[in-house]
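**Student:** Give me a 3D structure for the following:
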Amino acid sequence: MPACRVTDDNASADRSRAGIAGTLLAIDQRGLLITGESGCGKSLLALGLLDRGHALISDDLVELEADTPALIGHCPTQLRGRLEVRGIGLVDVCQLFGPMAWRDSVRIERILHLQRTETAEVWHGWPRPDGQRDYRTLLGVRVPRLTLPIGGDGISPLLAETSLRHGTPVPAGGVDDG
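**Tutor:** Presented below is the predicted three-dimensional model:
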């Protein structure tokens, strides 16, 4: 899922912009970008994280800004403070969870990629102890990525929090998206 470049006449030489499909939340003031195919449970996971007191930055589309050496995630204007929950529609997260449930931007520190699985047995063969870890390079910034299999129940919000808080090093391999 390569990032789409967006031109920004006001960007300095150290800054460039792009957009990426995903859901971005602030957990303990740190950005967790959740990616995965449509319908895999990104927004449902975000809803659970909001219920645990974290803040939504953007759902569906995240605007990225490289501010060397950081990668900052922003929310497009039309999506501010809204989360699309399948079967319910667009919900105002501040109305549901209070004024601290939405923030304008956060530094992205980890990507949690949700990968759909056919059977529960996939968990038994998943890499242990540290899962499937690599990184993505977005706008020249290398971001650690953890890929987890998802089944019918999705990923628990506690597991998502732990994926960000647990500081396991990332192996040398990765995906360069430019």
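
**Student:** Now do stretch 133-143, average pLDDT.
**Tutor:** Summarised as a single mean, pLDDT over stretch 133-143 is 90.

**Student:** If we go by neighbour counts, what in that stretch is buried?
**Tutor:** 133-136, 138-139, 141, 143 (16 or more other Cβ atoms under 10 Å). Yep, even glycine has a C-beta here, placed from its N, CA and C like the rest.

**Student:** ditto for stretch 19-26
**Tutor:** Using 16+ other Cβ under 10 Å as the burial criterion, the residues of stretch 19-26 that qualify are 19-20, 22-26.

**Student:** can you give me the helices for this structure?
**Tutor:** In chain order, the chain shows helices spanning 42-51, 93-97, 121-125, 157-165, with DSSP state H as the criterion.

**Student:** backbone phi and psi for the residue nearest to residue 66 when sequence neighbours are not counted, please?
**Tutor:** Once its chain neighbours are removed from consideration, residue 66 has its nearest residue in residue 139; the separation is 3.5 Å (Cβ to Cβ, 6 or more residues apart in numbering). Here the main-chain torsion angles of residue 139 (degrees, to the nearest 10) amount to phi 50, psi 30.

**Student:** Please tell me how far residue 139 sits from residue 114.
**Tutor:** Applying Cβ to Cβ, to the nearest Å, one obtains 22 Å for the distance of residue 139 from residue 114.

**Student:** Name the residues of the longest strand that the chain contains that come out as buried.
**Tutor:** Among all segments of the chain classified by DSSP state E, the strand with the greatest residue count is strand 105-116. Buried residues in strand 105-116, counted by 16+ other Cβ under 10 Å: 105-106, 108-114.
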